[in-house]
Every structure is written in C-alpha cells, then in structure tokens.
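Visitor: Just need the structure, nothing else, for what follows:
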Amino acid sequence: MLDKEISSIFDTITEQWDKNTIQISIKETLLTKRKRVSNERDYFNSLCENVAYLTESSYPIKKVLESCLQKRNFWDTSNAESFIIESQNAIKGEMADLSNTYKSKLTKNTLVESIQYGEYNYAYAKLRNDMEIDFLFAFLHPNNRRLMERFLNYQPTKVLEAIDNISNGYATLFTQSIEDLIPQQVEEIKEPIAATREKEKKGFFARLFGN
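Guide: A predicted model of the protein is given here:
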C-alpha cells in the first residue's frame with residue numbers, strides 16, 4: 001500500500017516528462033561540460049565531480065523528510081529552501097574528497113569506457129535528483145498537506161526506504177529508455193553507482209542541485 005501511494009506521486013511528477021526532451025537536455029549539458037575542458041581526462045574528472053555532487057544530494061533530502069516523519073510535523077518550504085542554500089555552499093568544501101571517491105568507482109579499463117560510465121551515471125543521478133527534489137517540495141507544499149499527512153502514520157524508515165527504492169526504479173527506467181545517449185560497450189554501465197556515505201557526516205549538507 002505504501003509503495004503504491006508513493007508511486008502515484010512519482011507518476012504525477014514524471015507524467016509530463018518527455019523522453020526526447022530529456023535526452024536532448026542531457027546531451028546538451030554533457031556537450032557543454034565537454035567544451036569547458038581541454039581534454040578527455042579533464043572531462044572525466046568533471047563527470048566524477050558532478051556524479052558525486054548529485055548522488056550525495058540524496059542525504060539532505062532524506063534528512064528533511066526524516067525530520068518531518070519522526071516529529072510528525074512539516075517543514076516550512078522556506079526553511080527547506082534555506083537548507084538547500086546551506087547545502088550548496090557546504091558541498092564545495094567536500095568536493096575534493098568526494099570526487100576522488102567517486103572517481104575510483106567510475107574508473108573502468110579505458111578512459112573511453114570510464115567516460116561512458118560517467119555519462120550514464122550523470123544522467124541517472126540528474127534524473128533521480130530532479131525526482132527527489134520535486135517529491136520533497138510536493139511533500140512540503142501546504143496545498144498537499146491532507147494528501148501527505150497519511151505518510152506520518154507509517155514508520156519513517158519504511159517511508160524513506162520506499163522513496164529510495166521507487167526513485168531508483170524510476171530513474172533507472174528513464175535512463176535506460178534513453179540509453180542511446182551513450183554507446184553501451186560495457187555491461188557495468190547498466191548499473192548506476194550508489195552513494196558512498198551511509199551515515200551523516202557532522203557539519204556536512206550535500207547540495208541538492210547539480211552544477
């Protein structure tokens with residue numbers, strides 16, 4: 001029942017999404033990032049930074065949701081937005097370490113394969129991030145309060161687990177539906193990497209928006 005209720009919200013969020021529009025947007029973004037650097041190695045490094053930036057952004061989203069569920073109270077949207085701004089500033093100080101960690105996960109046998117894997121993971125992380133942000137602010141919006149209050153009756157861990165699984169499933173489906181974005185030459189590309197941190201790091205708020 002919980003999965004069905006959360007899936008219906010993700011259905012609403014993504015029902016207006018168009019595969020061709022998404023594909024064009026991601027291709028244009030990747031092309032812009034490639035033009036900003038002078039060689040393929042720097043482009044790969046840029047992809048590592050962006051994947052780290054987007055993937056780690058799940059944590060502050062979950063912290064806001066977890067706080068609401070545990071305290072049975074909704075954050076004001078302006079407070080959530082302030083939290084996002086703080087996260088955007090804090091992530092910059094963590095980028096060096098995070099980039100190195102994600103680089104080890106994205107590196108394949110050759111630079112070409114590594115770039116392909118990085119591009120696939122960028123597309124996945126960007127789509128998932130967009131979904132999670134939309135879900136968060138739909139959850140917090142006063143006009144949706146009656147609809148969202150029902151989630152307060154579930155165990156917080158169950159709600160967060162369902163959101164995590166469903167957002168992963170939707171992002172994976174969308175990314176695979178535009179898999180012609182990148183030539184699929186290595187099977188590992190089919191599986192996006194997971195976030196690296198399993199517990200909150202004191203003083204760290206990941207940025208909610210990709211750069």
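Visitor: how about the strands in this structure?
Guide: Shown for the chain, no strands are assigned by DSSP state E.
Visitor: So the nearest residue to residue 34 once chain neighbours are set aside versus residue 176, what's the distance?
Guide: Nearest residue to residue 34, sequence neighbours excluded (Cβ to Cβ, 6 or more residues apart in numbering): residue 43, at 5.1 Å. Every C-beta, even on glycine, is put in place using the N, C-alpha and C of the backbone. As judged by Cβ to Cβ, to the nearest Å, residue 43 and residue 176 stand 23 Å apart.
Visitor: Settle it for me: which of those two has more neighbours?
Guide: Applying other Cβ atoms under 10 Å to residue 43 and residue 176 shows that residue 43 carries more neighbours, namely 20 against 14.
Visitor: was I right about the more buried one contacting residue 31?
Guide: No - Residue 43 is beyond contact range of residue 31, at 10.5 Å (criterion: Cβ atoms under 8 Å).
Visitor: List the buried residues for stretch 38-45?
Guide: 43, 44, 45 (16 or more other Cβ atoms under 10 Å).
Visitor: ok, residues contacting that stretch?
Guide: 33, 34, 37, 99, 103, 106, 111, 114, 115, 118 (Cβ atoms under 8 Å, 6 or more residues apart in numbering).
Visitor: can you count the residues close to the last one?
Guide: Residues lying near residue 118 (other Cβ under 10 Å) number 29.
Visitor: Excluding covalently adjacent residues, which one is nearest to it?
Guide: residue 47 (3.4 Å).
Visitor: Can you pull up the most central residue in this structure?
Guide: Nearest to the mean C-alpha position of the chain, by Cα atoms, centre = their mean, lies residue 129 at 2.8 Å.
Visitor: sorry, back to before: kindly present the buried residues of stretch 38-45 as a markdown table, with separate columns for pLDDT and distance to residue 161.
Guide: Shown next, in a markdown table, are those (pLDDT from 0 to 100; distance: Cβ to Cβ, whole Å):
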| residue | pLDDT | distance to residue 161 |
| --- | --- | --- |
| 43 | 96 | 35 |
| 44 | 97 | 33 |
| 45 | 96 | 33 |
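Visitor: can you list the weak-confidence ranges in this structure?
Guide: Scanning the chain for pLDDT under 70 picks out 179-211.
Visitor: rerun at 80
Guide: 16, 19, 84-85, 88-89, 91-92, 177-211 (pLDDT under 80).
Visitor: Report the outermost residue of it with respect to its centre.
Guide: Farthest-from-centroid check, the chain (Cα atoms, centre = their mean): residue 38, 27.4 Å.
Visitor: Return the backbone torsion pair for that one.
Guide: Residue 38 adopts backbone torsions of phi -100, psi -10, taken as degrees, to the nearest 10.
Visitor: From residue 46, how far out is it?
Guide: Taken as Cβ to Cβ, the span from residue 38 to residue 46 is 11 Å.
Visitor: Then residue 116?
Guide: 14 Å.
Visitor: and what of residue 145?
Guide: With Cβ to Cβ as the criterion, residue 145 and residue 46 are 41 Å apart.
Visitor: isn't residue 136 right up against residue 64?
Guide: Yes - between residue 136 and residue 64 there is a contact under Cβ under 8 Å: 6.3 Å.
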